[in-house]
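[1] attaching a predicted model along with its sequence, questions to come.
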Amino acid sequence: MGKTLSVDLRSRVIAAVEGGLSCHAAAAQFQIGIATAVRWVSVFRKTGALAPMPKGGDTRSHRIEAHRTVILTMIEAQKDITLVELSELLRREHGASFAPSTLWRFLERHAISFKKNGTRQRAGAPRRRSPAPRVVQSSA
């Protein structure tokens, strides 16, 4: 992603367009993209703002954060619920469709994790395995 251009340059481009130049001519004069000049002038005429908009960051987590209490309640009710099951419950009961990866990021953001303990561990391999049974080879 490119670096944000200065407010000084923005103000000079807008002043040139307001002074009678077209966006195309102002873009050529200040050596910026035509679409950039058009966008700057459009935003200035709508809002009067010269400052650039914030770049990057999270723009959609507010959707899942709106269901925070519901998600946490579901997890409390069923401790071993999977992400897919949680996603299906949200879709079915609340009409909110979230991918399991979105739920994963939500839970990670809120430091919620399911940790295994000793009673939930799988049966491991024995320390000493008995040798494999010998294959009987018959002479042909």
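    Yep, it's here.

[2] what's the neighbour count on Trp40?
    For Trp40, the count of nearby residues is 24 (other C-beta atoms under 10 Å). Glycine gets a C-beta too; all of them are placed from N, C-alpha and C.

[3] element containing it?
    Using DSSP states H and E, the secondary-structure element containing Trp40 is helix 34-47.

[4] other SSEs contacting that helix?
    Judged by 3 or more C-beta pairs under 8 Å, 6 or more residues apart in numbering; DSSP states H and E, the packing partners of helix 34-47 are helix 7-18, helix 23-30.

[5] averaged pLDDT, that helix. What do you get?
    Along helix 34-47, the predicted confidence averages to a pLDDT of 95.

[6] so which of the helices and strands packed on helix 34-47 gets nearest Thr82?
    With C-beta to C-beta as the measure, helix 7-18 is the member of those nearest Thr82 (49.1 Å).

[7] and that closest one with helix 34-47, angle?
    80 degrees (axes from the mean of the first three to the mean of the last three C-alpha atoms, to 10 degrees).

[8] so how far is helix 7-18 off the chain centroid?
    Remark: helix 7-18 is offset 34 Å from the chain centroid, using C-alpha atoms, centre = their mean, to the nearest Å.

[9] what comes into contact with it?
    For helix 7-18, contacts defined as C-beta atoms under 8 Å, 6 or more residues apart in numbering pick out 23, 25-27, 29-30, 32, 37, 40-41, 44, 50-52.

[10] next secondary structure after the worst-scoring helix or strand of the chain on mean pLDDT?
    Evaluated with mean pLDDT, DSSP states H and E, the helix-and-strand set of the chain has its lowest mean pLDDT in helix 61-65, which scores a mean of 90. Towards the C-terminus, the helix or strand next in line after helix 61-65, according to DSSP H and E, is helix 68-77.

[11] what sits against Phe30?
    9, 12-13, 16, 37.

[12] how about Leu107?
    Leu107 is in contact with Ser113, counting by C-beta under 8 Å, 6+ apart.

[13] sec struct for it, please.
    Following DSSP: H, G, I helix; E, B strand; the rest coil, we place Leu107 in the helix state.

[14] the one 5 residues further on now?
    When states are read from three-state DSSP, the local structure at Ile112 comes out as coil.
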